[in-house]
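Student: Provided below for reference: sequence and predicted model.
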Amino acid sequence: MPYFVYRITERPGAAKQLEHLATFDKFQEAKQKVRADRGALDAAAGQDVRMIFAKSEVEAQALLQRPREERVIGED
């Protein structure tokens, strides 16, 4: 399965905007792309670059649109 790299723009009250930047077969190549692109972002504008491992571009977009569950730390 390939690694997809996306630029994500989030604005309050609007859906996430996803921009496909690249697709890689190897993790290291995708990781380098993400690190390089994150350095050039304006975090105040609500942008981020994320990598996702998925079967297809459609599945990658669906996974990125899904809200993340809050992590529980220290639960007994």
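Tutor: Yep, that arrived.
Student: And the helices in the chain, which stretches?
Tutor: For the chain, the helices defined by DSSP state H occupy 27-38, 57-65.
Student: which residue is nearest the middle of this protein?
Tutor: Closest to where the C-alpha atoms of the chain average out (Cα atoms, centre = their mean) is residue 50, at 2.5 Å.
Student: Show the pLDDT at it.
Tutor: The per-residue pLDDT reported for residue 50 equals 92.
Student: Quick check: it touching residue 10?
Tutor: No: at 11.3 Å, residue 50 does not count as touching residue 10 under the criterion of Cβ atoms under 8 Å. Yep, even glycine has a C-beta here, placed from its N, CA and C like the rest.
Student: any common contacting residues for these two?
Tutor: Counting by Cβ atoms under 8 Å, 6 or more residues apart in numbering, no residue touches both residue 50 and residue 10.
Student: what are the ranges of the strands in this protein?
Tutor: With DSSP state E as the criterion, the chain has strands at 3-9, 17-24, 47-53.
Student: Which neighbouring elements make contact with the first one?
Tutor: Pointing back at strand 3-9 there. strand 17-24, helix 27-38, strand 47-53, helix 57-65 (3 or more Cβ pairs under 8 Å, 6 or more residues apart in numbering; DSSP states H and E).
Student: Kindly report the same for the longest one.
Tutor: Taking 3+ Cβ pairs under 8 Å, 6+ apart as the contact definition, the neighbouring helices and strands of strand 17-24 are strand 3-9, helix 27-38, helix 57-65.
Student: In JSON lines: the ones you listed, plus mean neighbour count, distance to residue 46 and mean pLDDT.
Tutor: Shown next, in JSON lines, are the helices and strands packed on strand 17-24 (neighbours: other Cβ atoms under 10 Å; distance: least, Cβ to Cβ, whole Å; pLDDT from 0 to 100):
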{"stretch": "strand 3-9", "mean neighbour count": "19", "distance to residue 46": "6", "mean pLDDT": "93"}
{"stretch": "helix 27-38", "mean neighbour count": "14", "distance to residue 46": "14", "mean pLDDT": "94"}
{"stretch": "helix 57-65", "mean neighbour count": "15", "distance to residue 46": "14", "mean pLDDT": "92"}
